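Asker: Build the 3D model from these lines:
(one chain, ligands or ions: 1)
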Amino acid sequence: MSVTKHRDKDIGFVEIDNPPVNAIGQAVRQGLLDAVRWAEQERLTRVILTGHGRAFAAGADAREFDGAPIEPHLPDVLNAIETSDVPWVAAINGVALGGGAEIAMACRMRIIAPGAQIGLPEVTLGVIPGAGGTVRLPRLVGLSDALEIITTGKPLVAADALRTGLVHAVEDDPVDAALAIPGETLACIVPTRELPAPKTDISLIAAAREKVAAKSRGQVAALRAIDVIEHGLDKPFGQALSMERAVFLELRSGEQARALRHVFFAERAAKAPDWLRSDPAEIARVAVVGGGTMGAGIAYALSNAGLTVTLVETDAEGAARATDNVARIIETSLGRGLIDRAGADDRRRRIGVTDDYSAAGGARLAIEAAFESMDVKRAVFARLSEALPSDAILATNTSYLDIDEIAASLPDPTRVLGLHFFAPAHIMKLLEIVRGAKTSDAALATGFALAKRLRKVPVLAGVCDGFIGNRILSRYREAADTLLIDGSTPSAVDAAMVEFGYAMGPYEAQDLSGLEIAHANRRRQDATRDPQRRYVPIADRLVALGRLGKKTGAGWYRYSDTGTRIEDPIVTDIVLAEARSAGVSRTVFSAEDIRDRLVLAMINEACDILHEGIAQSAADIDLVTVFGYGFPRWRGGLLHHADTLGAAEIVRRLGALSLEDPVAWKISPVLLECANDNLELAKWTRAPR
Ligand SMILES: C/C=C/C(=O)SCCNC(=O)CCNC(=O)[C@H](O)C(C)(C)COP(=O)(O)OP(=O)(O)OC[C@H]1O[C@@H](n2cnc3c(N)ncnc32)[C@H](O)[C@@H]1OP(=O)(O)O
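Answerer: Numbering: from 1, shown residues only. Purely as a prediction, here's the structure:
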C-alpha cells in the first residue's frame, strides 16, 4: 500500500504509506494522482494529506534515479494537487524532504508538528529540486531564505519553517489542526503558483554564488540551483518549472549525482556483517583510558549517546588534564548550540575522571586511547583485564599498532578488537572496527552496536599497518613526498589536491595534525621497510628541526602570529638538498600530474587492501575515504572514483609510472583482474565468481 484514502463526511484524508520513510516512488505518485481525481469526483471540500509513521515523505525514491523517469512524474502530480478545485492541506507529521517538501508547497496550506523538519536536501544528492522547489520556495519565503535553504540543503526545524513563512502553523496534531481551519480561511489562501515571485536581487544572488563556490569545491548542483532560481524569478510559472525540470533531469543522470547516491546508500548499508553469529554485549558503562584529545573526544561521544564513562588516566596530573579536555569539548558544544545547559550538565555527570583503574570495574567495554606505544598499550590492557569483568570487551583506538600483538599479552585474546576513531572523535563519523586474528564475534558485534548507538559509519578492517584508512594515507603521503623531491613544492601539491576536491592538501593537513606521529611510525617501520623502496627523508629533517606543524609555528609551511600560512624558503632548501644528495634531477609536474599520481597511488594501495582481505568491499573503502579522510564525497569515494576512470585505464597509467619505479608502482592484482575481466572494482569480490 503506498497511498491510502478515506473520507469523513466532506473531508478527504490521504496518507502516504511507504515504509520506512515514505519515499515517493512511482506507486506513491500514482496514488496521489488518483487521490486528486477521487477528491474531485467525490466533491470533497478539502483533503488533508499526511504521512504514515515517522515521516511525511523523505523525497523522491532515489533508487529510481538510476533508471529513466517513470510516469506519472512528480511535477505533474503536484500541478494536479495545486490546481485542483479541492484545496489540499499538508499536515506535516515528520520529515518532509525534497519531493516531500515540494508536495507540501503545492498544497494550499501547511501545518507542521513541532518535532518535524522540512527542507530541500537535493543538492546533497547532486541534483536540484525537480518538482517546483526552486520556483515555489522563493514565492513562499523570499529570495534570501530560498537561496540558503536550497544551496545548503539543510532542513528547517518547525520553528524556523514558521519564521520563514514556509508553513502556516506549528501544531502538536497537524491533522486535527488542518481539520479545524475554517472553510472561509482556506478559501482565501491562494495557490503558491499565484503568488508573485520575489524581485531579482543581483547582489544577493552574487553573494550566494560566491559562498557556494567557496564551499562546494567542484560540486555543481548548488551552483546550478542558483542559476535555476535566478532564471525562474522573472519567468512565467510554467516556464520556470520547465527549466528546473530540465536541469534536474540532466543532473540526475550525471556523474556527481551517481557518486553522491552511492555514498548515501553505502552509508546506510554499513552494518554488522551477516556472518556474525553473536549478539552484542549490553553496554551501559564504558571505560576510556587516556584523556588526551582523542580519549576526551571518545568519552564525550559516548556520553552524547547516553552512556556512562569512566575516563582513566595514569596519575592525578593526567586526570586534571583530562578533566580540562572534556570540559573544553562540552563548552565548545554548548557554544555552538549542539547541546543546551541541561545537556552540558548531563555530559558532565556521565563522564567521571579518575586515576584509579578499579573505578572502571563496572564497565563491560573499555576503549584504550593511550600513548601510541606497544609497551604502553600492553601495560594498559593488563590493568584493564585485571580491573574489568572477565568477559568485558577490550578495544584499542590504535591507529597503526598490531592488535594481535596487544591481544597476545592477555589470557583471553578473543575479547580484543580495534575501535579506531577519528579526531575529533565526537564529530567524525567513521569508525574502523578492526578484527584481530582471535577477535570473537561477540566483540565485533559489540563494536558494530556501539557504532550504531554513536550514529557512526562502521567499517570492518583487518590487521595491517594502518588498517584501511591510515595505510592509504601513508601511501598518499609517500607519493606526495616523492613528487616533492622529484620537482614539486608543498604548495603546488596542496593546490592540486584542493582543486581535486579535498578541503586541504596533504602538507597543510599534516601541519594541522602535527608531524610527530607519522615520524614515530616511520621509525617503527625502519626495521621492516623494503630496502628496494625509495625513502624520502624530508619530513624527518623537518621534525629534527622541531618543525612539528602549526602548533610549533612551522612545519611544511611557516605560520604568522595570526596563523596565516606562508611558504618557507627553508623547506625549499631542505628539499633541494635532499634531491641533490639522492642524485635526483628535478622536473616540473603539472597539477594534473600531481593529482594523477596521488590518486593512482591511493587507488593501487586500496586495491591491495581489498586483495589482502583487509577491507571487505570497494564500498567500504569509499566510506573510509569520504568519512575519515576528506575524499570529495561528490566523487563517491576513492574506488567509486576509480570505477569512473575504469580499471583498464588505471592499469595503463600505473604501467607508465611503474617504468619509473617498479617497486612503488607495482600494480595491484585486483586492478589487473578487473582490467582483464572488464569488471568494476565495486563488483570485485574475493569469493569465487
Ligand atoms: C524531484 C525530487 C527529488 C528528491 O526528492 S531527491 C531526494 C531528497 N530527499 C533526501 O535527500 C532525503 C534522504 N533521506 C534522509 O535524509 C534520511 O533517510 C531521513 C532523514 C529521511 C531518515 O533518516 P533515518 O531515520 O536516519 O533513516 P535512514 O537510515 O536514513 O533511512 C531509512 C531507509 O530509508 C531509505 N531512504 C531514505 N530516504 C530515501 C530516499 N529518498 N529514497 C530511497 N530510499 C530512501 C534508506 O536508504 C534506508 O534504507 P535501508 O533501511 O534499506 O537502509
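Asker: hmm, stretch 108-121 touching the ligand?
Answerer: Yes. Figure legend: stretch 108-121 in contact with the ligand (Cβ under 6 Å from any ligand atom); contacting residues Pro121. Bear in mind the C-beta positions are built from the backbone N, C-alpha and C, glycine included.
Asker: Give the buried residues for that stretch.
Answerer: Judged by neighbour count (16 or more other Cβ atoms under 10 Å), stretch 108-121 contains these buried residues: Arg108, Met109, Arg110, Ile111, Ile112, Ala113, Ala116, Gln117, Ile118, Gly119, Leu120, Pro121.
Asker: for stretch 353-360, same thing?
Answerer: The neighbour-count criterion (16+ other Cβ under 10 Å) identifies Val353, Thr354, Asp355, Tyr357, Ala359, Ala360 as the buried residues of stretch 353-360.
Asker: Dump that stretch to PDB, keeping only the CA atoms.
Answerer: C-alpha atoms of stretch 353-360 as PDB (Å, rounded to 0.1, in the frame of the first residue of the first chain):
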ATOM      1  CA  VAL A 353      37.600  11.100  35.500                       C
ATOM      2  CA  THR A 354      39.900   9.100  37.700                       C
ATOM      3  CA  ASP A 355      43.500   7.700  38.000                       C
ATOM      4  CA  ASP A 356      42.200   4.500  39.600                       C
ATOM      5  CA  TYR A 357      41.500   1.600  37.300                       C
ATOM      6  CA  SER A 358      39.300  -0.100  39.900                       C
ATOM      7  CA  ALA A 359      36.800   2.800  39.500                       C
ATOM      8  CA  ALA A 360      36.100   1.400  36.000                       C
END
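Asker: Take the buried residues of stretch 353-360 and write them to JSON lines, including secondary structure, pLDDT and distance to the ligand.
Answerer: Output for these, formatted as JSON lines (DSSP: H, G, I helix; E, B strand; the rest coil; pLDDT from 0 to 100; distance: Cβ to the nearest ligand atom, whole Å):
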{"residue": "Val353", "secondary structure": "strand", "pLDDT": "96", "distance to the ligand": "32"}
{"residue": "Thr354", "secondary structure": "strand", "pLDDT": "96", "distance to the ligand": "35"}
{"residue": "Asp355", "secondary structure": "coil", "pLDDT": "94", "distance to the ligand": "39"}
{"residue": "Tyr357", "secondary structure": "helix", "pLDDT": "94", "distance to the ligand": "37"}
{"residue": "Ala359", "secondary structure": "helix", "pLDDT": "93", "distance to the ligand": "35"}
{"residue": "Ala360", "secondary structure": "helix", "pLDDT": "91", "distance to the ligand": "32"}
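Asker: Name the nearest of the buried residues of stretch 108-121 relative to Ser333.
Answerer: Lowest distance from Ser333 to the buried residues of stretch 108-121 (Cβ to Cβ) belongs to Gln117, with 20.7 Å.
Asker: which residues does the closest residue to Pro19 other than its chain neighbours contact?
Answerer: Using Cβ to Cβ, 6 or more residues apart in numbering and skipping the chain neighbours, the partner closest in space to Pro19 is Gly53 (6.1 Å). Counting by Cβ atoms under 8 Å, 6 or more residues apart in numbering, Gly53 makes contact with Asp17, Pro19, Pro20, Val21, Asn22, Gly94.
Asker: Looking at the fifth one now. What's its pLDDT?
Answerer: So that's Asn22. Asn22 carries a pLDDT value of 98.
Asker: Distance from stretch 474-481 to the middle of the chain?
Answerer: Centroid separation for stretch 474-481 versus its chain: 24 Å, with Cα atoms, centre = their mean, to the nearest Å.
Asker: That stretch - what's its average pLDDT?
Answerer: 97.
Asker: which other residues reach it?
Answerer: The contact list for stretch 474-481, computed with Cβ under 8 Å, 6+ apart, reads 465-466, 493, 506-507, 510, 518, 521, 536, 538-539, 597-598, 601-602, 604-605, 664.
Asker: and the residue nearest to Gly142 when sequence neighbours are not counted, what pLDDT?
Answerer: Excluding the flanking residues, the one nearest Gly142 by Cβ to Cβ, 6+ apart is Pro198, at 5.4 Å. Per-residue pLDDT puts Pro198 at 96.
Asker: sec struct for Pro198, please.
Answerer: For Pro198, the assignment made with DSSP: H, G, I helix; E, B strand; the rest coil gives coil.
Asker: And it, how close does it get to Leu204?
Answerer: 9 Å (Cβ to Cβ, to the nearest Å).
Asker: Overlap in contacts, those two.
Answerer: Listed as contacting both Pro198 and Leu204 by Cβ under 8 Å, 6+ apart are Leu143.
Asker: So, low pLDDT: which residues of this protein?
Answerer: 687-689 (pLDDT under 70).
Asker: Up against the ligand, what does it have?
Answerer: 20-21, 23, 55, 58-63, 74, 95, 97-99, 121-122, 125, 127, 130-131, 265, 268.
Asker: Could you rerun that using 8 Å?
Answerer: Residues of the chain lying close to the ligand by Cβ under 8 Å from any ligand atom are 20-21, 23-25, 54-55, 58-63, 65, 74-75, 95, 97-100, 102, 117, 120-122, 124-125, 127, 129-131, 133, 153, 155, 248, 264-265, 268-269.
Asker: Buried among these? Make that a ChimeraX selection.
Answerer: Selection of the buried residues among the residues of the chain next to the ligand in ChimeraX, burial being defined by 16+ other Cβ under 10 Å:
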select :21,23,24,25,55,58,59,60,61,62,65,74,75,95,97,98,99,100,102,117,120,121,122,124,125,127,129,130,131,133,153,155,248
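Asker: got the contact list for Arg321?
Answerer: Contacts for Arg321 (Cβ under 8 Å, 6+ apart) come out as Gly291, Gly292, Glu313.
Asker: Tabulate the residues you listed (CSV), appending neighbour count and secondary structure.
Answerer: Output for these, formatted as CSV (neighbours: other Cβ atoms under 10 Å; DSSP: H, G, I helix; E, B strand; the rest coil):
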residue, neighbour count, secondary structure
Gly291, 29, coil
Gly292, 16, coil
Glu313, 23, coil
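Asker: What's the separation between the residue of the stretch 451-600 of the chain found nearest the ligand and Ile330?
Answerer: With Cβ to the nearest ligand atom, the shortest gap between the stretch 451-600 of the chain and the ligand falls at Arg455, namely 8.3 Å. As judged by Cβ to Cβ, Arg455 and Ile330 stand 19 Å apart.
Asker: So for the two, which residue has more residues nearby?
Answerer: Shown here are Arg455 and Ile330; by other Cβ atoms under 10 Å, Ile330 has more neighbours (22 against 10).
Asker: in the helix or strand the more buried one falls within, what's buried?
Answerer: Assigned by DSSP states H and E, Ile330 belongs to helix 316-335. Buried residues in helix 316-335, defined by neighbour count with 16+ other Cβ under 10 Å: Gly318, Ala319, Arg321, Ala322, Thr323, Asn325, Val326, Ala327, Ile329, Ile330, Ser333.
Asker: Quick check, the last one in contact with Asp340.
Answerer: Read it as Ser333. No. Assessed by Cβ atoms under 8 Å, Ser333 is found out of contact with Asp340, at 9.9 Å.
Asker: Relative to Arg261, how far out is the residue of the stretch 151-300 of the chain found nearest the ligand?
Answerer: Going by Cβ to the nearest ligand atom, the ligand is nearest to Arg268 of the stretch 151-300 of the chain, at 3.8 Å. Note on Arg268: its distance to Arg261, by Cβ to Cβ, is 11 Å.
Asker: coming back round to it: okay, the buried residues of stretch 108-121 in CSV with secondary structure next?
Answerer: Listed next are those as CSV, based on three-state DSSP:
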residue, secondary structure
Arg108, coil
Met109, strand
Arg110, strand
Ile111, strand
Ile112, strand
Ala113, coil
Ala116, coil
Gln117, strand
Ile118, strand
Gly119, strand
Leu120, coil
Pro121, helix
